[in-house]
Every structure is written in structure tokens, then in C-alpha cells.
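**Student:** how does the following fold in three dimensions:
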Amino acid sequence: MFQRHFPHWPPGVPKSLELPRHSVYQNLVERAARHPERAAIDYYGRKVSYQELKIGADALAGYLQQRCGVAKGERVLLYLQNCPQFVMAYYAILRADAVVVPVNPMNRSEELRHYVEDAQARVAIVGQELYERIAPLGLPHVIVATYSDYLPRAIDLPLPDFVKAPRTPTAAVSWGSAIGEKLEAGPHRAGPEDLAVMPYTSGTTGKPKGCIHTHASVQATTVPYLLWRGQGEVGQVVLSALPMFHVTGMQAGMNAPLYTGATIVVLSRWDRDCAAMQIERARVTTWSAITTMLVDFLSNPKLGEYDLSSLEVLGGGGAAMPAALAKRLEEVFKLPYVEGYGLSETMAPTHINPSHRPKRQCAGIPIFDTDARVLDVETFKEKAPGEVGEIVVRGPQVFKGYWRQEQATREAFVEHDGERFFRTGDLGYYDEEGYFFITDRLKRMINASGFKVWPAEVEAMLYEHPAVQEACVIGSPDGYRGETVKALVVPRRPDARAEEIIDWARGRMAAFKVPRVVEFVNDLPKTATGKILWRELQEKERAK
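**Tutor:** Take a look at the predicted model:
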């Protein structure tokens, strides 16, 4: 096992964890028994206790089994924004021994069709504003949730219209009717090796593939989060603004805090003012966020009006945090931004920076019982410190494979040192101290006159320019060089000039890395989790 990082392990934290050998649902059972009146959820000021959360989850589980005929191992679509019903439905599905299939609320009917058909789903739990998208697919059982059912009577926080909307009738069963029947679920039989959650990942080509995660692999990233950071359960309040359908939001913003008995402050949609107001009011202690979210948060002209002093931990992942932005974060929060790294296939983190000794633009070190290596992309021979190759991992959080995709599953793993490692598809290296750094996706490389350019590296440097708010670097076809480096930039000020940025870059980057073309845009396309859709931009460029 890779051990180079052990001297920099978080103080007082064990290097190996004995994970619970029970279902994820049982985590809720234990917390509700120990702290029934403690607030599990704070939804724009409306508190949902652990006891209320469990009662709702159990009632919905009974409905799923008795009215929908949901059997053990059956896949149930969860198509909701962040809300109390998402959390209840998630645990209800697990209580019914079924499998959660979380779906991006941005998906439309034809995209949804793939999830329904591939997962072979008969049942879906959906948000009211999304019902018209799933209705044409003809699922036998659809339960519709209205977000405003869980709002407080008086509220002065900025809310999205879909959250404020009153209940509207549909042809489906309403959430209130389903749990109102108070049907009793059968015995809970799911064990650690049973399938629990099946998030879909887009991968590099083709349609999204379902990642097979068991209760054991979900627990493997549920348990470590707060323990790694040295936080106990008492008084922890977690801002849950990342989408829960995505594994980072699901684990860092829901499962991990609930496992420790914390309170999750839920936002259905990102809003920088609402986030700041809730950090102040709820005395949020922990916030996992991504780069694009924090860029927006820091650009708020009213930021100085809010009391953010309760924050103790600020972290995230998804893309390397540019050094210039990390510096601004430390000035505002007086905290280091602690980066981590993981994928849908690993149920979020395989690596996290140690809180006492984080490094910037760094994925971190392998967490509990996780082995990570860097292999040559062609020979699969192990690389030495500082040498770039494909990062491969093995550990208790690694998925079992892709749902109904045997060939893709075989291609996703490699045998090394007598062990089965998952191929992340990410290029990177580790330094002499065992910290891992991501340079780019395996297939995201620009070949300019034979020089290999990693876009993420160029982007990180561009963020240091005062006129750059956001940047995405792609390859532009060039008849002479093969490809030319192009930067799509959201400017921070209206008088920004392309020549200014190019000249600035020439003084800071190797000549072959300097963007030859800078194009200003109003915004960059992003996923629901805030990741820039670089592949979409790359494909458009090549289609010109």
C-alpha cells in the first residue's frame, strides 16, 4: 500500500477505520434514538428533527412497499432539488431495501428516458416543478413533492419561485397523501453488500452509466468526513448547498452530517445572499463548496455585511482551486480551503488534504484504507514522484462496476501489484510527501506542435489575472500547430482586452502554454454541481 503520506496524517486520527456493518438507513435509526429532538434539517428556517425525519422516511417506505410493490433491490428514481423530502425519500428507499437512483433535476424528458429504461425503474419521487418532464414516460408510480410544504410560516430569506410555489394538483400521488397513509414497512433486511445507491456518471463518451454502490461503499465515505477533520458531533452545522443528487453533495451535505448527528442547512438552489444569511443565522460550522460557487460568493458586494465567523471548516473539490482564489478565501474566512478528490465511482473522496497541513491546488492524500498509485497510461508501470500518469485507486469506497455494462466495467479496472485498481481517467502525480495533484483528464490534453498542454494548469494561472473571473481552456484546430491553446474567459471588468491577457500570460507561462486566442463570453456552461462543461465547449470548437 502507498504510505508516503503517512507522516502527514491528521494528528490523533487513526489510519484505518472499522466501518459499520449495517445499512445506511440504520445510521438514521441510531441518531433518531439517541437525539430525537435534535434538528436534522434546517430548511430556510423550518427545523425537521431526527425523529420527524425517521417517521417520514418510515411512512414513505411503507407506501413504496405496500402501494407501489417495491421489492428488495428495485431501483427508485429520486428526481428532486435539495429539500427535506429528498432526504426523507432517500432514507425511505433504503428502508424499503430498494436502491436510490439520484437524477439531475436539470435533465429533461428524453434524458430521463435513459435513466428510466436503463435502471428499469417503475417508481419515481419527483419535485412538483419537474412532474411535467417525467409524466410522458408513463411510469406506473410517481410521487410528487411540493417544497413549500416544509417552509416556515414566516420567512424573509430570498427563495426560488419553485420553492415558494403552492401545491398544484397532478395526476400523480402527492407526497402528503403517500406519507399520510402511515403504512408500516416490512422488516428491514438490507445488509452491507446489498445495492444501495446508483448514481449515474457521464464518463467520456456515450450515455450515462449507473455506478453500483453498496451500503458498505456508501458507508466508506459517510463515516470519514468529519472524523478526518477532527470534528466531533456536538454542535456541528453543515451548509448543504451542493446538489444532493451528486455524490459530493450527497455525502458531504447529507449522509456524513446525519451520521454524526449534525444539522444540515439545506438550500434548494444556490443563492449567495441566502447562503451568507444562513451561515450567520444558523451559525454554520462546515461548508463544502466548489470553485464556481465561491467565485460568486466572494464577488458579492454585500459580503462584508454578514457575520461568517462561525465557520470552522471550508473545503470542497471537483476542480483544483486556483491559488489566487484560495488566497482571497483565506483573507475573507481566515481559514484554509481544504481540497479533496473523488468520483461518482468512488462515492466521493479517495483523497482529502489534511486540515492541519493542506496544500493548494492539491487533491490531498489517500484517506482511510485507500491505496492510490500513478501508472503509465500505456505500459501501466508505476511512476515515481513528480511523474505524470493515470491515478488509480482501490479501497472500500470503490464501486462494484457499471450497471448492466460488463465491458465498461472490465475496462474501468486494472490489475497492479496483485490487486484490482479502479482507473480514474485522471492524470496526475504525487510529490515527495505523498500529496496527489491532478493535472487533467486523461483525454483532456492539447497537443500544440508536439508540446502537451494540460488545460487545468493554464486555467489555474489565468485566475490570477485581475480581469479574469472564470476561464475554460480548450484546444482550437490549427493547420500549422495541430492545435492552438484557446481561453474562453468571463471578464471581471467590462474594459478587459484579449491582448492584455495574452501579453500577461506570456510573462508567466511557457510559450507553448500561452493562449493564442482569448474569447470573452458572458458565462460558461456548467453542470448542476457547478463544474464547467469543458467537453461541450471543446466539441463546439472542433465543429466550427
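**Student:** what's the separation between the residue nearest to Arg38 when sequence neighbours are not counted and Val238?
**Tutor:** Computed as CB to CB, 6 or more residues apart in numbering, the closest residue to Arg38 that is not its neighbour in sequence is Tyr50, at 5.5 Å. Where C-beta positions appear, they are placed from N, C-alpha and C, glycine not excepted. Distance, Tyr50 to Val238, using CB to CB, to the nearest Å: 14 Å.
**Student:** so which of the two has more stuff around it?
**Tutor:** Taking other CB atoms under 10 Å, Tyr50 and Val238 do not tie; Val238 has more neighbours (28 against 24).
**Student:** sorry, back to before: so who does the residue nearest to Arg38 touch?
**Tutor:** With contact taken as CB atoms under 8 Å, 6 or more residues apart in numbering, Tyr50 is in contact with 28, 31-32, 35-40, 261.
**Student:** report pLDDT for it.
**Tutor:** Per-residue confidence at Tyr50 stands at 98 (pLDDT).
**Student:** secondary structure class for Glu457?
**Tutor:** With DSSP: H, G, I helix; E, B strand; the rest coil as the basis, Glu457 sits in helix.
**Student:** and this protein, what are its domains?
**Tutor:** According to automatic domain parsing, the chain comprises the domains 51-190, 372-440, 444-543.
**Student:** end-to-end on the second one?
**Tutor:** Just to be clear, that refers to domain 372-440. Domain 372-440 has an end-to-end distance of 17 Å (CA to CA, to the nearest Å).
**Student:** so which of the domains of the chain is the most surrounded?
**Tutor:** Per residue and on average, the most neighbours among the domains of the chain fall to domain 51-190, with a mean of 19 (mean count of other CB atoms under 10 Å).
**Student:** so how far is that domain off the chain centroid?
**Tutor:** Centroid separation between domain 51-190 and its chain, computed with CA atoms, centre = their mean, to the nearest Å, is 20 Å.
**Student:** can you check stretch 433-443 too?
**Tutor:** Distance, centroid of stretch 433-443 to centroid of chain: 18 Å (CA atoms, centre = their mean).
**Student:** list of residues touching that stretch?
**Tutor:** Against stretch 433-443 from outside (CB under 8 Å, 6+ apart): 2-8, 204, 320, 341, 351, 353, 359, 361-366, 372, 374, 377, 388, 390-391, 425-431, 454-457.
**Student:** ok, longest helix in this protein?
**Tutor:** When the chain is parsed with DSSP state H, its longest helix is helix 50-66.
**Student:** C-alpha coordinates for that one, PDB please?
**Tutor:** What follows is helix 50-66, C-alpha atoms only, in PDB (Å, rounded to 0.1, in the frame of the first residue of the first chain):
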ATOM      1  CA  TYR A  50     -34.300  13.500  13.600                       C
ATOM      2  CA  GLN A  51     -37.500  11.900  14.900                       C
ATOM      3  CA  GLU A  52     -39.600  13.600  12.300                       C
ATOM      4  CA  LEU A  53     -37.200  12.700   9.600                       C
ATOM      5  CA  LYS A  54     -37.300   9.000  10.600                       C
ATOM      6  CA  ILE A  55     -41.100   9.000  10.900                       C
ATOM      7  CA  GLY A  56     -41.400  10.400   7.400                       C
ATOM      8  CA  ALA A  57     -38.900   8.000   5.900                       C
ATOM      9  CA  ASP A  58     -40.600   5.000   7.500                       C
ATOM     10  CA  ALA A  59     -44.100   6.100   6.400                       C
ATOM     11  CA  LEU A  60     -42.900   6.600   2.800                       C
ATOM     12  CA  ALA A  61     -41.100   3.200   2.900                       C
ATOM     13  CA  GLY A  62     -44.300   1.500   3.800                       C
ATOM     14  CA  TYR A  63     -46.100   3.300   1.000                       C
ATOM     15  CA  LEU A  64     -43.400   2.200  -1.500                       C
ATOM     16  CA  GLN A  65     -43.700  -1.400  -0.400                       C
ATOM     17  CA  GLN A  66     -47.500  -1.700   0.000                       C
END
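**Student:** just checking, next helix/strand downstream of that helix?
**Tutor:** Once the chain leaves helix 50-66, the next helix or strand it forms, by DSSP states H and E, is strand 75-79.
**Student:** narrow the contacts of stretch 433-443 to those in strands?
**Tutor:** Residues from these lying in strands, with DSSP state E as the criterion: 341, 351, 365-366, 372, 374, 390-391, 425-430.
**Student:** and the furthest pair within these?
**Tutor:** Ile365 and Gly425 (20.2 Å; CB to CB).
**Student:** that older thread, out of the contacts of Tyr50, which comes closest to Pro14?
**Tutor:** Using CB to CB, the contacts of Tyr50 come closest to Pro14 at Gly261, 20.3 Å.
**Student:** what is the neighbour count of that closest one?
**Tutor:** With other CB under 10 Å as criterion, Gly261 counts 20.
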